[in-house]
Every structure is written in structure tokens, then in C-alpha cells.
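# turn this into a structure:
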Amino acid sequence: MTFKKLESINFLPSSKRLTYKMISLDDISSFESLARNSYIREYLMEGMEVTTDDCLQWIDESNKLFEEKKVGLYLVYENDLLVGYAGFSRAHERIDDIEVLFAFSKNHSGKGFATEVCGALVQFF
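So this is what the prediction gives:
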């Protein structure tokens, strides 16, 4: 996977219906509520229990990825309503691999958000 060379600006996705915010430690409660959502856990985390420490670690890993590659995790909003999160993350199998991920709660699934998010994320390449 080849990344665009960005000097000092982090990549911020853009799409028609959704807005994106780089995730930070200030967002821990919002991110944790999504990460602990049973529907999201079933599909993204294979049902594992999620702790506050897990969420803090994922945000820290995202921040490191922003520093290194200018990409990471983003909170996703529709009309100022938090609907999920998406972005780039280190793959679990190999630390050098980067994967695209997205997660939306059940009441925000089936609206084409995943397709829209993926279209916005591929703008980076």
C-alpha cells in the first residue's frame, strides 16, 4: 500500500453527507461508547469485551499513526450526530500493515455510510 507524501498536514477525509474529526484523548467517552456497542463489537472485534484501557490504547496507536503516516482514526458525524468511527489502523497480524476500518452502530447501518466513508478514505492514496 502506497501513501501520499504529506509534509505536515494530517489527512482529513471529506464526503457528501458525513464529516470527520481526528480522534483524540478528548474523545474518549464518545469513542468508548461506540467501541463498547454490542453491534460494533460483534462485527469489528469478534465480540470481545472492550475496556477503557483498550480504547485509550487504540487512540494512542491512532495518534502515533497520525505522526508517522498522517492518517489514523476519525469520529464520523452526520449533521453533528456521532454515527460511528472509521479510518486507518495498524493490522493486528503485522505491525507494518495498515488496514481500513469502519464501525457504525446498528441504527446507523444500512444507510450507505460505509461506502461513503471508504470513498472518502481512498482519497488519501
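
# can you tell me the SS state at the nearest residue to residue 123 once chain neighbours are set aside?
Leaving aside its chain neighbours, residue 123 sits nearest to residue 13 (6.6 Å; criterion: CB to CB, 6 or more residues apart in numbering). Bear in mind the C-beta positions are built from the backbone N, C-alpha and C, glycine included. Secondary structure assignment for residue 13 (DSSP: H, G, I helix; E, B strand; the rest coil): coil.

# gap between the worst-scoring helix or strand of the chain on mean pLDDT and the chain center?
Here the helix or strand of the chain ranked lowest by mean pLDDT, DSSP states H and E is helix 38-44, holding a mean of 88. Distance, stretch centre to chain centre, for helix 38-44: 14 Å (CA atoms, centre = their mean, to the nearest Å).

# next, the buried residues of it.
Across helix 38-44, burial judged by 16 or more other CB atoms under 10 Å covers 40, 41, 44.

# kindly report the same for stretch 103-117.
103, 104, 108, 109, 113, 114, 116, 117.

# can you classify residue 85 as helix, strand or coil?
strand.

# can you offset everything so residue one is 32?
Renumbered: residue one is now 32, and that last one reads residue 116.

# number of nearby residues for it?
For residue 116, the neighbour count with other CB atoms under 10 Å is 26.

# contacting residues for it?
Residue 116 makes contacts with 54, 62, 65, 66, 104, 105, 106, 107, 133, 134, as judged by CB atoms under 8 Å, 6 or more residues apart in numbering.

# likewise for residue 105?
Counted by CB under 8 Å, 6+ apart, residue 105 has contacts 43, 44, 51, 52, 53, 54, 116, 117, 118.

# so what's the most centrally placed residue in the chain scoring on pLDDT?
Relative to the mean C-alpha position of the chain, the nearest C-alpha, by CA atoms, centre = their mean, is the one of residue 117, at 2.6 Å. For residue 117, the model assigns a pLDDT of 95.

# so it touches residue 152, yeah?
Yes. Residue 117 lies in contact with residue 152 (CB atoms under 8 Å); the separation is 6.8 Å.
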